[in-house]
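Enquirer: No letters, just coordinates:
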């Protein structure tokens, strides 16, 4: 069957479709049916009994694939490479789970994981899943006050952390941050497990802290504990507009079924294949496609401790893809833009043999057409933008190359996946015709693997996602659908600006700016304008080695927007900057930039990669007359 047959097959019989997909998972007790009309948006496979760790690890050993590499760790910072087989992973996870059980961790208990990109981070996640404990991974190195907020919200019985994380030129001291967070938090964990890295040995707090290896000595390994299908697998915090993070809940059975389906059908990854998602376990991509998805599918996954550039060069991604014969690679557009900025002619790509690489998948931010074209030209493979969110856990729209490779369209993440009935609405909830920019919503119920609620915050869940468009999940993204059913994500709804009564997409303007031959990366924000309501401002990062005067580049892009979008955009102002403020997952902080431009008070986002960039943006804005007095 092709994509249309699969999608229409889901639409005509969603119950039958998802029950059929559930057959790919090992169950302790199969569910009686797929969808249960309970909770705020329904639940999936709720009366089944299942264990995530069994499906990700043990079943592959039982099937005779114990000697296959499950996790390949690559650290260009420590210059180390290490492979762990499924059998070794089973032993390590069972031992850790046994030690946690001996310290009182049981089904339903929460455990915070505060780790760098090392295999032990995945082992900690899987050990929690083995016991039916609910893990909450917090990005390693997060500020103490932000970690404290998460401790108070999910109230963990234990915290598993490493002594430190590693950046290209520094050691990030995790343990002092953890100690400060516990001091600040009202809730106190019963104990902390500390994995001591050789780069820094942390001091343990007597009576509270235990060492990773020491507390596992002599314990009885733990078997997998079956849990109900609607039992929470994990809580993952995402930034909230109020400053209070939102704890996205992921249920166990729907998570398993959705990830198995997506690995096979979206990424074309099966048992024995090699898959790499260059993200971090602190983000949803790390949960779905570094830890769980590849292992559930029986594939090898790569854990990468490094950066796309600077560890040591702009070819590190291609070196790893060559050496590990990666079949499908997943990264963020911002990582690709960083590589393109350092290596605009693709010289580093040509140094490596990428014969096994069939597709490059992009997600996390809109994949601008110029970056996609650059990758297509230099890699000579499928470059696939796909769109999803922390809340959904897997792709809303994609090109499902495991089903059928559809024609790609620049600027589009392709078509909706089964389970996602995507609609475009105006602000009042009226459907908009093809090609018209509006708010993107998904008809309820959402498919398996998506969030059923927020942790201890059902009212906030309804207000954030359900109340605006009754019967639909509000994505918070803006875009349109073309005549072929392809979806285009143009901006967050907050980034759609209103210029003299015209609703304009900042993404469309960024698309024009990025097509300038000297521009490596860009962002457009809307600022307050007493006459027009809002006006756009562009920020331009130039490619390495560009000698064109900055004022000439600015003049060029202003003319380009006028030519390609029209005078209605009122795009007249831009400035060149060295870098853009981003979260650690690569999202550009446009809303924060807009507040600086408008002279409004703002809180530095907890997820920002480098707060100093905001000072640089402030200086750049002052140079072009913002904030206006």
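Expert: Thanks, I have it. Note that the coordinates shown come from a computational prediction; the quantities given were computed from them, not determined experimentally.
Enquirer: use CA for all of it now, contacts and neighbours both
Expert: Fine.
Enquirer: which residues in the stretch 451-600 of the chain form helices?
Expert: Along the stretch 451-600 of the chain, the segments classed as helices by DSSP state H, counting those that start in this stretch run 458-461, 506-514, 550-564, 590-598.
Enquirer: Any chance of these in JSON lines with mean pLDDT as columns?
Expert: JSON lines is the format used below for the helices of the stretch 451-600 of the chain (pLDDT from 0 to 100):
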{"stretch": "helix 458-461", "mean pLDDT": "96"}
{"stretch": "helix 506-514", "mean pLDDT": "90"}
{"stretch": "helix 550-564", "mean pLDDT": "94"}
{"stretch": "helix 590-598", "mean pLDDT": "92"}
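Enquirer: Tell me which of the ones you listed is the most buried.
Expert: Between the helices of the stretch 451-600 of the chain, the one whose residues have the most neighbours on average, counting mean count of other Cα atoms under 10 Å, is helix 506-514 (a mean of 23).
Enquirer: Identify the residues contacting it?
Expert: Among residues not part of helix 506-514, those counted as contacts by Cα atoms under 8 Å, 6 or more residues apart in numbering are 366, 368-370, 490-491, 495-497, 519-526, 536, 538, 540, 557, 560-561, 564-565.
Enquirer: Pull out the buried members of the residues you listed.
Expert: A residue is treated as buried here by neighbour count (16 or more other Cα atoms under 10 Å); on that basis the buried members of the contacts of helix 506-514 are 366, 368-370, 490-491, 495-497, 519-526, 536, 538, 540, 557, 560-561.
Enquirer: Which ones among the residues you listed map onto strands?
Expert: 490-491, 496-497, 519-526, 536, 538, 540 (DSSP state E).
Enquirer: which residue ranges form the helices in the stretch 251-400 of the chain?
Expert: Along the stretch 251-400 of the chain, the segments classed as helices by DSSP H, counting those that start in this stretch run 252-265, 284-286, 293-296, 316-323, 333-342, 347-350, 369-379.
Enquirer: With distance to residue 510 as extra columns, can I get those in a markdown table?
Expert: Conversion of the helices of the stretch 251-400 of the chain to a markdown table gives the following (distance: least, Cα to Cα, whole Å):
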| stretch | distance to residue 510 |
| --- | --- |
| helix 252-265 | 30 |
| helix 284-286 | 25 |
| helix 293-296 | 33 |
| helix 316-323 | 26 |
| helix 333-342 | 13 |
| helix 347-350 | 26 |
| helix 369-379 | 10 |
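Enquirer: Comparing these, which yields the minimum mean pLDDT?
Expert: Set side by side, the helices of the stretch 251-400 of the chain differ in mean pLDDT, and helix 333-342 is lowest with a mean of 92.
Enquirer: In terms of secondary structure, what does the worst-scoring helix or strand of the chain on mean pLDDT contact?
Expert: Among the secondary structure pieces of the chain, namely its helices and strands, strand 502-505 has the lowest mean (mean pLDDT, DSSP states H and E), a mean of 76. Here strand 502-505 touches strand 496-499, going by 3 or more Cα pairs under 8 Å, 6 or more residues apart in numbering; DSSP states H and E.
Enquirer: So for the strand it packs on, mean pLDDT?
Expert: Mean pLDDT, strand 496-499: 80.
Enquirer: could you say what helices and strands that strand packs with?
Expert: In terms of contact count using 3+ Cα pairs under 8 Å, 6+ apart, strand 496-499 is assigned the packing partners strand 502-505, strand 533-542.
Enquirer: most neighbours per residue, which of those?
Expert: Counting by mean count of other Cα under 10 Å, strand 533-542 has the highest mean neighbour count of the helices and strands packed on strand 496-499, with a mean of 22.
Enquirer: Also compute the angle for that strand relative to helix 550-564, please.
Expert: Inter-element angle recorded for strand 533-542 and helix 550-564: 130 degrees (by axes from the mean of the first three to the mean of the last three Cα atoms, to 10 degrees).
Enquirer: next one: strand 533-542 to chain centre, how far?
Expert: Averaging C-alpha positions (Cα atoms, centre = their mean, to the nearest Å) puts strand 533-542 26 Å from its chain's average.
Enquirer: Residue 66 is nearest to which of the helices of the stretch 251-400 of the chain?
Expert: Distances from residue 66 to each of the helices of the stretch 251-400 of the chain were compared using Cα to Cα; the minimum, 12.1 Å, belongs to helix 293-296.
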